[in-house]
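Chemist: Prediction below, plus the sequence it came from.
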Amino acid sequence: MTPELGPEIATEFWPVLVGLISLVAQVSAVGHAILTKQDAKAASAWVGVIVLVPIVGWVVYLLFGINRIQRRAEVLRAGGHETGDLALPPAGVSALTTRSPEATRQLTQMSTMGRQISPVAYVEGNQVDIFDNGDQAFPAMCKAIEQAQHSIALSTYIFNNDRAGKQFIDALFEAHQRGVEVRVLIDGVGSHYSFPSAYSLLVKLGIPSARFLHSFMPWRMPYLNLRNHHKILVIDGKIGFTGSMNISEGNLLHPTNNHPIRDHHFKVEGPVLRHLMGTFAHEWHFTTDEVLTGPLWFPQLETSGNLMIRGVPAGPDMERNPIRWTLLAALSTARNKVQIVSPYFLPDTTLRDALSLCAMRGVEINIILPHKNNLPYMQWAMTPQMPDLIKSGCRIWYSNGPFDHTKLMTVDGMWSFIGSANWDTRSLRLNFEFNLECYGEALAHDINQRIDDRLASATPVSLDQLKRRSTLERLRDASVALFAPYL
């Protein structure tokens, strides 16, 4: 018979077992950090924590060091697009003409990088019209819904059950009643910005609707990230609307609105509509398993203008975020002037360095932020990064008037970037976003006019102003800025 282990032997055995388990976990954590952290500083920091803090170090890394957001997104989105209608041939800029050979070379360089960043093709023959605020955009969108003959695809982050939302619900219900195929996709978190939710009313009316990654279950709380932040409306596959505007009464700048929101939205026509519809179809299939295909959703499209455009969808399921890389590419090729409008401006170190280097080359850079943010902690977090940007030559401005939710960027009066993405980690790492990359002087001119209107009444941010903040204010701002990757 094998003698039983005495208490003395057991007492000696357990520390050895725990030590072996800890050693294996420690070595595994170090290996994971070295292999997966692209930033050498981040990898070194985590290796130091794991090695120098026994047991606790690898536990902390297990909890906070592994990028579960990207992994969860990759698992959820495995398989890619499910419909052949989304495949588009490669395209270049050979037919694009500009005012000068230098400008043509610059755009060619940008488009060459663009094709490496994202496989989505550039397509010519498009038209974009700008709408100011919901006062212009909402009537145009509802009119397009009312005139729809075959199909309506609507994706939005927020769809409030308020005065503005009910106009859309009425138009969608009337279209559904007359036999138009309607599909409405609302983000699972954004659907709860009003009570009762517009989603419940849409379902009650029999309008085919779905919520993106919606759950109240505690173990599904990671879905507080992975938000669908798209704003896409496509009518009959031929007329589209996109930009940064949610469906909310706050976008109507009438005198009785206590919390008005300034914003812009865009009407899009031309072959690039396939990019808008393709992005919607991808998200709809992911959410509902229904494949939207055929001429009902993807009709033949004729040219409608002289803009070269492509859609740039991005999300945490992609190894490289195409929107973030497009921003870097645009800054690297800028020669004269860059204009940026964003409500949430928390660029990572690489983007801040790119802005600084661009300004150091002599490029005029204007960054317009809201004077009063709707999220005070965002205002606090944005402030500590300003001194370095200003010292590098960037000019930062606070726009006056209502809270400005607009997301705009232009480069050298020829290139424009419009859509749903902010300059922050949530948009450039955690959310699913959709932007349009546009080549054309007329559109850039129209956007710059609106930016210049803001600058005419904006307040410049100075180093002296930032230095005059009290110690408590600077401590508050710096403390909140530590959480920038999570805001």
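Modeler: Received the coordinates, thanks.

Chemist: hang on, residue 172 in a helix?
Modeler: Yes. Counting by DSSP: H, G, I helix; E, B strand; the rest coil, residue 172 is found in a helix.

Chemist: wait, it sits on residue 182?
Modeler: Yes. Contact between residue 172 and residue 182 holds when scored by CB atoms under 8 Å: they sit 5.7 Å apart. C-beta here means a position set from N, CA and C on the backbone, and glycine is covered the same way.

Chemist: can you list residues touching both of these two?
Modeler: 152, 154, 207 (CB atoms under 8 Å, 6 or more residues apart in numbering).

Chemist: The first one - nearest residue in space that isn't next to it in sequence?
Modeler: For residue 152, ignoring the flanking residues on the chain, the nearest one in space by CB to CB, 6 or more residues apart in numbering is residue 182 at 4.7 Å.

Chemist: For the nearest residue to residue 457 once chain neighbours are set aside, give me its contacts.
Modeler: Sequence neighbours aside, residue 400 is the residue nearest to residue 457 in space, at 5.0 Å (criterion: CB to CB, 6+ apart). Contacts of residue 400 were listed using CB under 8 Å, 6+ apart, and they are 371, 457, 458, 459.

Chemist: which non-adjacent residue is nearest the last one?
Modeler: Among residues not flanking residue 459 along the chain, residue 398 sits closest, at 4.6 Å (CB to CB, 6+ apart).

Chemist: Could you tell me which of the contacts of residue 400 count as buried?
Modeler: 371, 458 (16 or more other CB atoms under 10 Å).

Chemist: Which members of the contacts of residue 400 occur in strands, if any?
Modeler: residue 459 (DSSP state E).

Chemist: for the spatially most central residue of the chain, what are its contacts?
Modeler: Closest residue to the average C-alpha location of the chain: residue 421 at 2.9 Å, with CA atoms, centre = their mean. Residues near residue 421 by CB under 8 Å, 6+ apart: 229, 314, 323, 407, 427, 428, 431, 433, 434, 435.

Chemist: Surely the fourth one touches residue 323?
Modeler: No. Counting by CB under 8 Å, residue 407 stays clear of residue 323, with 10.5 Å between them.

Chemist: tell me, what's touching these two both at once?
Modeler: By CB under 8 Å, 6+ apart, the residues touching both residue 407 and residue 323 are 419, 421.

Chemist: one step back: in strands, which of the shared contacts of residue 172 and residue 182 appear?
Modeler: Those of the shared contacts of residue 172 and residue 182 lying in strands (DSSP E): 152, 154.

Chemist: returning to what we had before: in which helix or strand would I find the residue nearest to the centre of the chain?
Modeler: Assigned by DSSP states H and E, residue 421 belongs to no helix or strand.

Chemist: Mind pulling up the pLDDT for the closest residue to residue 193 other than its chain neighbours?
Modeler: Of all residues not flanking residue 193 in the chain, residue 158 sits nearest, at 4.9 Å (CB to CB, 6+ apart). With respect to pLDDT, residue 158 has a value of 96.

Chemist: Just give me the neighbour total for residue 158.
Modeler: 21 (other CB atoms under 10 Å).

Chemist: Return the list of helices and strands in contact with the top strand by length along the chain.
Modeler: For the chain, the strand with the greatest residue count under DSSP E is strand 123-132. Packed against strand 123-132, as judged by 3 or more CB pairs under 8 Å, 6 or more residues apart in numbering; DSSP states H and E, are the following elements: strand 264-269, strand 307-314, helix 441-457.

Chemist: now that strand, how far from the centre of its chain.
Modeler: Going by CA atoms, centre = their mean, to the nearest Å, the spacing between the C-alpha centre of strand 123-132 and its chain's C-alpha centre is 20 Å.

Chemist: swap in stretch 270-286?
Modeler: 16 Å.

Chemist: same thing with stretch 322-331?
Modeler: 12 Å.

Chemist: Just give me the neighbour total for residue 326.
Modeler: Residues contacting residue 326 under the criterion other CB under 10 Å number 23.

Chemist: domain ranges for the protein?
Modeler: 7-66, 121-307, 322-486 (automatic domain parsing).

Chemist: Nearest to residue 109 among those would be which one?
Modeler: domain 322-486 (5.5 Å; CB to CB).

Chemist: and residue 322, how many neighbours does it have?
Modeler: Other residues close to residue 322 by other CB under 10 Å number 22.

Chemist: OK, contacts around the residue lying closest to it once chain neighbours are set aside?
Modeler: Spatial nearest neighbour of residue 322, chain neighbours left out: residue 118 (4.1 Å); criterion: CB to CB, 6+ apart. By CB under 8 Å, 6+ apart, the contact set of residue 118 is 310, 312, 322, 325, 326.

Chemist: Go through the residues you listed and say which is closest to residue 238.
Modeler: Among the contacts of residue 118, residue 310 lies closest to residue 238 (CB to CB), at 17.9 Å.

Chemist: number of nearby residues for that closest one?
Modeler: Neighbour tally, residue 310, other CB under 10 Å: 24.

Chemist: what's near enough to touch it?
Modeler: 114, 118, 120, 121, 122, 123, 272, 275, 436, 437.

Chemist: can you list the residues that contact the helix or strand where the residue nearest to residue 152 lies?
Modeler: Using DSSP H and E, residue 182 falls within strand 181-187. Residues from elsewhere that reach strand 181-187, judged by CB under 8 Å, 6+ apart: 150-159, 172, 175-176, 198-199, 202, 207-213, 227-229, 280, 283-284, 287, 292, 296.
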